[in-house]
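In: Just the structure for this:
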Amino acid sequence: MNTTITNTMKPTEKTILLSKKGMKELKKAISQLEHDRAMVIKGLHDIDKTTGHDDRLERVERLARLESIESELSEKHQTILEAKLLPSKRARMKVAMGSVVDLIDQQGRLFRYTLVDTIEANPSDGRISVLSPLGRNLVGKTVKDIVEWSSGINNTTFRLVRIS
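Out: Numbers count the residues shown, from 1 in each chain. Modelled structure (predicted):
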C-alpha cells in the first residue's frame, strides 16, 4: 500500500478518494453539524439560567445530543483529512474508481453509474461502490465488454457502451 505520510496522517490510514460531488456533500454535512452544535450549545446556555427539575432533565438530553454531534463531527473531520479528489486524468480505456459508465441491459435500457469509494456510494443517485457486486464486476472492463451481475435471485447482463 502506497501511503504518503504527512503530519495529519498515520502510516496505517488509507486515502479516501472522493468525487467533487462527494467532497461537496462531506463539507456540507460538516457545516450542518457545526450549525447543529452551535444551536445545542446556545440552548444549553439558555437552560443554565433556570433551575427547575425539568430543565435539568432537558440539559442532560442536550448534553447527550451535543456528545453525539461532536462524535459525528470528529469522524467527518477525520474523513476529510484523509480524502483526496479523484484524479481527473486517468486512462479512460478501462473502468476504474471515478469512471462514469454507461451500460445497456438486455431490454435496451441505459444505466449510468459513477464508481466511487464506499463512503460516498448512493445507488439511487447513480454512485456505486467499487466494492459492490456490480462495481467489482465493472473494474477493469473495457467498452463493449459484457458485465454480468447477480442481485440475489436475478442475474442481469449489461453491455458496457461508454467509459468517461
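In: Could you give me the buried positions within the biggest strand by length in the chain?
Out: Longest strand of the chain, by residue count under DSSP state E: strand 154-163. By neighbour count with 16 or more other Cβ atoms under 10 Å, strand 154-163 contains the buried residues 158, 160, 163. (Each C-beta comes from the backbone N, C-alpha and C, glycine too.)
In: number of nearby residues for residue 135?
Out: For residue 135, the neighbour count with other Cβ atoms under 10 Å is 22.
In: Now it: which helix or strand?
Out: Using DSSP states H and E, residue 135 falls within helix 133-138.
In: what do you get for residue 64?
Out: helix 53-82.
In: ok, and the closest non-adjacent residue to the spatially most central residue of the chain?
Out: With distances taken as Cα atoms, centre = their mean, residue 120 lies nearest the centre of the chain, 1.7 Å away. Once flanking residues are discounted, residue 120 sits nearest to residue 22: 3.5 Å by Cβ to Cβ, 6 or more residues apart in numbering.
In: my guess is residue 99 meets residue 163, correct?
Out: Yes - assessed by Cβ atoms under 8 Å, residue 99 is found in contact with residue 163 at 5.4 Å.
In: what packs against the helix or strand of the chain at the bottom of the mean pLDDT ranking?
Out: When the helices and strands of the chain are scored by mean pLDDT, DSSP states H and E, strand 16-18 comes last with a mean of 77. With contacts taken as 3 or more Cβ pairs under 8 Å, 6 or more residues apart in numbering; DSSP states H and E, strand 16-18 sits against strand 83-85.
In: residues of the strand it packs on that come out buried?
Out: residue 83.
In: Lovely, talk soon.
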